[in-house]
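Peer 1: here you go, sequence then predicted model.
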Amino acid sequence: MSELKGQTYVVTGASKGIGRAVCLELAKAGATVSLLARQSEALRETTQEIQSISPNSFAVACDLANPDMVAQAATEILSSVSQLDGLVHNAGDIHPIQPLFEADPSQWSRSMMVNLVGVQHLTQALHPSMKGAHRVRVTTISSGAALRPLASWSAYCTAKAGLDMWTRCLADEGASENITAVSVAPGIVDTAMQEAIRSAPLEDFPLLDNFVGYHENGQLAQPEDVAVALYGLITAQTHEQSGQRFDVRDL
C-alpha cells in the first residue's frame, strides 16, 4: 500500500503503545514518519522497525516538557523535510496520580508541559513546514478524562480538557491555511500508561480497583486495533470534521 507515498507525518510518543502502532500504520501506507519521543531503547527499536518499512523515516529524541529540546527537535525535523502533511500529538503523562491538595507541584507542572504546553510549542515551531497550498491534518489524542473529573487525576484531566480546546482553536485559526485538526479519545488501551495507573498506591488513587479490573477482565483495547481505527481520521479528516472530538469506539 502506498497511498501516503511522498507524505510526511510527525508522531509524538512514538516509541511504544498507540504511538508506535500509528507509526507502523503510516509507514505501511507509504509515509515518511518522524518518530518523536524521549531517548530510550524502545525508541531505537521502534525506529528500526519503521525504517524497515519506510527507509526515509527517522527518530528525533525529545522531552516535550523541555522547551529547549522541543525547539531543537523542530529544527531537526525542519532540516530533514520540506513540508509536513500530518501531525499526531500522542505523547502523554498520567502523573501525578495524587489527590489535588497533595500532588507534587513539579510533577503537576510537568503534566501540563507534556500533555498541553509542549503540544503548542512543537506545533508553533513546526508551522513553517505547515504553510502553503498543501493540506495538513493534525490529530490530538484526547481522553475521557477531558470530559469528567477523576479522583487524583487533576493534572491529566485539566491538561486533556485544555488539549481539546486547543484543537478547536487550531481548527479555527488553521482553516485559512488549509490546516484541519481533530481530537480523538482512544478508550482504555493496554499501554504503559495503564501499567502506571495500576501501580499507583490505593491511598492515593481510590479508583485503583476499577483499573485493575479492566486489565484482569480483558477490557483493554490493543494499541494496534486503535491505530487501525484512527488511521482514517489521521490521514483523511475533512474540513467538515475539523474542530470535532471523536471517540475511537465510534469510528
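Peer 2: The structure has been received and is ready for your questions.
Peer 1: now the strands for this protein?
Peer 2: Per DSSP state E, the chain carries strands over the ranges 8-12, 32-37, 58-61, 86-89, 136-141, 179-185, 245-247.
Peer 1: and residue 33, bridged to which residues?
Peer 2: residue 9 (DSSP bridges).
Peer 1: my guess is it meets residue 25, correct?
Peer 2: No: with contact defined as CB atoms under 8 Å, residue 33 does not reach residue 25; the gap is 9.6 Å. (Each C-beta comes from the backbone N, C-alpha and C, glycine too.)
Peer 1: so those two - more neighbours on which side?
Peer 2: residue 33 (31 against 21; other CB atoms under 10 Å).
Peer 1: got a pLDDT number for that one?
Peer 2: pLDDT for residue 33: 98.
Peer 1: hang on, the earlier thing: need the strands of the chain in CSV (columns: distance to residue 95).
Peer 2: Listed next are these as CSV, based on distance: least, CB to CB, whole Å:
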stretch, distance to residue 95
strand 8-12, 17
strand 32-37, 17
strand 58-61, 20
strand 86-89, 18
strand 136-141, 17
strand 179-185, 20
strand 245-247, 24
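Peer 1: so which of these comes closest to residue 51?
Peer 2: Taking CB to CB, strand 58-61 is the member of the strands of the chain nearest to residue 51, at 7.8 Å.
Peer 1: counting by contacts, list what that closest one packs against.
Peer 2: Applying 3 or more CB pairs under 8 Å, 6 or more residues apart in numbering; DSSP states H and E, we find strand 58-61 packed against strand 32-37, helix 41-51, helix 67-80.
Peer 1: for the shortest one, give me every contacting residue.
Peer 2: When contacts are defined by CB atoms under 8 Å, 6 or more residues apart in numbering, strand 32-37 is touched by residues 7-15, 19, 23, 26-27, 43, 46-47, 50, 54, 56-62, 73, 77, 80-81, 91, 122.
Peer 1: identify the residue spatially nearest to residue 147, adjacent ones excluded.
Peer 2: residue 161 (7.5 Å; CB to CB, 6 or more residues apart in numbering).
Peer 1: before we move on, what about residue 151?
Peer 2: Closest to residue 151 by CB to CB, 6+ apart is residue 206, at 5.1 Å.
Peer 1: can you map out the helices along the chain?
Peer 2: Taking DSSP state H, the helices of the chain run over residues 17-28, 41-51, 67-80, 105-112, 118-126, 154-174, 192-198, 208-216, 223-236.
Peer 1: now do the fourth one and helix 154-174, the angle between them.
Peer 2: Relative orientation of helix 105-112 and helix 154-174, computed by axes from the mean of the first three to the mean of the last three CA atoms, to 10 degrees: 30 degrees.
Peer 1: only C-alpha atoms, please: export helix 105-112 in CSV.
Peer 2: This file holds the C-alpha atoms of helix 105-112, laid out as CSV (Å, rounded to 0.1, in the frame of the first residue of the first chain):
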residue,chain,number,x,y,z
PRO,A,105,4.0,20.6,42.1
SER,A,106,6.8,19.8,39.8
GLN,A,107,5.0,16.7,38.5
TRP,A,108,1.8,18.7,38.1
SER,A,109,3.6,21.3,36.1
ARG,A,110,5.4,18.6,34.0
SER,A,111,2.0,17.1,33.2
MET,A,112,0.8,20.5,31.8
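Peer 1: tell me the spacing between the residue of the chain most remote from its centre and residue 98.
Peer 2: Computed with CA atoms, centre = their mean, the maximum C-alpha offset from the centroid of the chain is found at residue 203, amounting to 29.4 Å. Using CB to CB, to the nearest Å, residue 203 is found at 10 Å from residue 98.
Peer 1: before we move on, what about residue 159?
Peer 2: Counting by CB to CB, the separation of residue 159 from residue 98 is 15 Å.
Peer 1: and the two? Which one has more around it.
Peer 2: Applying other CB under 10 Å to residue 159 and residue 98 shows that residue 159 carries more neighbours, namely 25 against 21.
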